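Enquirer: Need coordinates for the following:
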Amino acid sequence: MVKYHKSILLYIFLFYAITLCADDSLQSLYKANFRALKTKDTAAIVKSYKYLGNYLDELNETEKCQQAFAKGLLLAQKANLQNDIGIINNLLGNIASVNGNRVAALSHYHKALKAFATTKNLDKVAMALMNIGTEYESMGNYKTAIAYELKALKNKEASGEIKNLAYYYQHVGQLFKETDLKKWKYYVDKAYAITLQSDNASVPTKAAIFNDLGGIAEDLKNNNEAYQWYDSMYVLSKANEYDNGMATALSNRSLLLQSDKRYEEALKNVLEALAIAKESERSYAIITDNIHASSILLDMNRAAEAKKYALDALKIALEKKTYPEQEADAHRILAKINAKLGDWKNAYFHTQNYREGLDSIRNTEVQKSVQDLELKYQTSEKEKEIARLDSENKLNNLQLQRAQILIVSIVIVVFLIGLLAFVLYRRKQLKFDKQQAELKQKLLRSQMNPHFMFNTLNAINQYIQTNKGHEASDYLAQYSRLMRQILENSAVEFVSLETELEFLHNYLAMQQLRFDKSFEYTIEVADNINPESYEIPPMIAQPFIENAIEHGVRGINDGQINIIFSSKNKKLTLQISDNGKGFSSTSNNIKHKSFALDITRERLNITGNNTEKLEISSPNPQTGKGTLVYIEVPFKRYEE
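Expert: The predicted structure is shown next:
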């Protein structure tokens, strides 16, 4: 009894001594922070806040810790201390991660990554990338996690810093554990090779590597090698007082022993692991070890003992509310235990809870077990209730099948409608493109009339023959510009009014040359029109001007062609008039008139203009002779 009291007094003394030491250390850090603030040295102040925040974090003073980090971060940002910005954001990310705040953790890690990238510190860039990847891994987003962690490994290798490199390889390997044995083995072998070359790896990293090598050996059905790796992990962890490593090695070794039906050894190992987990207060390990112990005892036909461990696991899982899979697993083992004990009511209760908690892991064996338990319970107590549940289940399955068929049908119909719409659109587009191409060819042919070209060149040749070289050279240059304009303008939908006016002057000058200046022409543009601000379809007036020359003023001595562009009520109008003979009923006149009209109407249709806004009057109602053409021209206007 005396020894007992002495032990209590000793523990009380040690508790107060540790508390006093902790308080003393904390006070020292507060004093150091106060002294740094007096110096007004920003870097020193930021450093003091980092130390203070770290220590408060160790004391689980989360709120005060975050406040210290926040103050240090604000000063670091003002002073543009990128390395400190990265370090503090990384620390804040760690705190958010531990508290389960994934969004805040990712935000801080990304800020840390940006800061470290600015300093071009590849080792710290790798650290931030690995933290981001680990966060996505915790969220179950393995695709994104792999992408970030592979980038982390690449930057770590590029940094040339070998410290912790083995950890990077081991951690990347973990991502392939469930999906790709070869890749898992590749990365873990690389990690192990690094630990043999250098002693820079931490004890937890080495223990994790041994654990992975044991798991890989198990997957390859090499149990003897797996035992060796788990034993190595245990020896390493025990020598370095690494409790988590010891417990994990014992737990994994116990699972392997159970698969080899060495139940006594398996139970001994798992109970030792459970004791370590309880001592270090690791809830997850306590739950899983309890479930494992109950599973081994059930294999040993010690169902009553097994039930105790399974109930302990379920109780903790329900209290923590953060381990749904382990909670479901506890229900699963309890269903088996109660079935073994003949307690069909509780067996059914735990089966239902298991099904509700983890529907996604229904396999053939579990389904068969559930059906057997439902049948036994039906015969003992609730035949009608079970029958009702069974019929509801069938109805739900039928409704699910119908819903799936409906969804697939809708998807197919939507796809076909989309495909049909795409085909119709493409057909319409191809038709439009074809119309455009044909219209451009017609337009080009209408401008490059062979009679016009031949007669114009012949007229220029006459100047050359009569030793009028200067005039011939001027006309030839003007003719070249006209041909270039025809080719260029026929390839585009709109040209500036200024370009169109230049084309009309060149065209009419060449026609005057052909007919020895037997006619005059005027081109007028209203004062409210700036030719540089308007765009119109190219050569829209040319077919009508050609008709006015060929079938109007040709053959008379005082021919006159007038072209007027005007703007009124947001409309751009074009009038072409001549004092010629007008349209007669001769076939040639009708043919040329029809050709010019057809081309222009097609062009107006394609540009979306109303073709009823094209009018031809012969004789001209204003003069009683000649022809008047009136067109409302489609246009684009740009602000001056």
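Enquirer: Any regions of the stretch 1-150 of the chain where pLDDT drops low?
Expert: For the stretch 1-150 of the chain, the stretches flagged by pLDDT under 70 are 1-24, 26, 30-31, 33-34, 36, 38.
Enquirer: just the helices in it please.
Expert: For the stretch 1-150 of the chain, the helices defined by DSSP state H, counting those that start in this stretch occupy 2-39, 42-58, 62-78, 82-98, 102-119, 122-138, 142-159.
Enquirer: Go through those and name the closest to residue 636.
Expert: helix 102-119 (46.0 Å; C-beta to C-beta). Any C-beta I mention is one placed from the backbone N, CA and C, and that applies to glycine too.
Enquirer: got the buried residues for the closest one?
Expert: Across helix 102-119, burial judged by 16 or more other C-beta atoms under 10 Å covers 105, 106, 108, 109, 110, 111, 112, 113, 115, 116, 117.
Enquirer: what's that helix packed up against?
Expert: helix 82-98, helix 122-138 (3 or more C-beta pairs under 8 Å, 6 or more residues apart in numbering; DSSP states H and E).
Enquirer: Show me how far the first one is from its chain's centre.
Expert: With C-alpha atoms, centre = their mean, to the nearest Å as the basis, helix 82-98 stands 26 Å off its chain's centre.
Enquirer: Could you do the last one as well?
Expert: The gap between where helix 122-138 is centred and where its chain is centred comes out at 19 Å by C-alpha atoms, centre = their mean.
Enquirer: May I have that helix exported as CSV, CA atoms only?
Expert: Presented in CSV, the C-alpha positions along helix 122-138 are these (Å, rounded to 0.1, in the frame of the first residue of the first chain):
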residue,chain,number,x,y,z
LEU,A,122,12.9,22.1,-56.1
ASP,A,123,13.1,20.1,-52.8
LYS,A,124,10.3,22.2,-51.2
VAL,A,125,8.3,22.3,-54.5
ALA,A,126,8.4,18.5,-54.3
MET,A,127,7.2,18.6,-50.7
ALA,A,128,4.2,20.8,-51.5
LEU,A,129,3.3,18.7,-54.5
MET,A,130,3.5,15.5,-52.4
ASN,A,131,1.2,17.1,-49.8
ILE,A,132,-1.3,18.1,-52.5
GLY,A,133,-1.2,14.5,-53.9
THR,A,134,-1.7,13.0,-50.4
GLU,A,135,-4.7,15.2,-49.8
TYR,A,136,-6.3,14.1,-53.1
GLU,A,137,-5.4,10.5,-52.1
SER,A,138,-7.3,11.0,-48.8
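Enquirer: by how many degrees do it and helix 142-159 diverge?
Expert: 170 degrees (axes from the mean of the first three to the mean of the last three C-alpha atoms, to 10 degrees).
Enquirer: Other residues contacting helix 122-138?
Expert: 83, 86-87, 90, 93-94, 97, 102, 105-106, 109-110, 112-113, 116-117, 142, 144-149, 151-153, 155-156, 158-159, 161, 168, 171, 175 (C-beta atoms under 8 Å, 6 or more residues apart in numbering).
Enquirer: Weed out the non-buried ones from the residues you listed.
Expert: Here, 16+ other C-beta under 10 Å leaves 83, 86-87, 90, 93, 97, 105-106, 109-110, 112-113, 116-117, 142, 145-146, 148-149, 151-153, 155-156, 159, 161, 168, 171, 175 buried among those.
Enquirer: ok, residue 87 touching residue 47?
Expert: No. With contact defined as C-beta atoms under 8 Å, residue 87 does not reach residue 47; the gap is 9.9 Å.
Enquirer: CA atoms only for stretch 75-84 - export them in CSV, please.
Expert: What follows is stretch 75-84, C-alpha atoms only, in CSV (Å, rounded to 0.1, in the frame of the first residue of the first chain):
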residue,chain,number,x,y,z
LEU,A,75,4.4,39.9,-42.3
ALA,A,76,6.1,37.5,-44.7
GLN,A,77,3.7,38.5,-47.5
LYS,A,78,4.3,42.2,-46.9
ALA,A,79,8.0,41.7,-47.0
ASN,A,80,7.8,39.3,-49.9
LEU,A,81,9.6,36.6,-48.0
GLN,A,82,8.6,33.8,-50.4
ASN,A,83,10.4,31.0,-48.5
ASP,A,84,8.7,31.9,-45.3
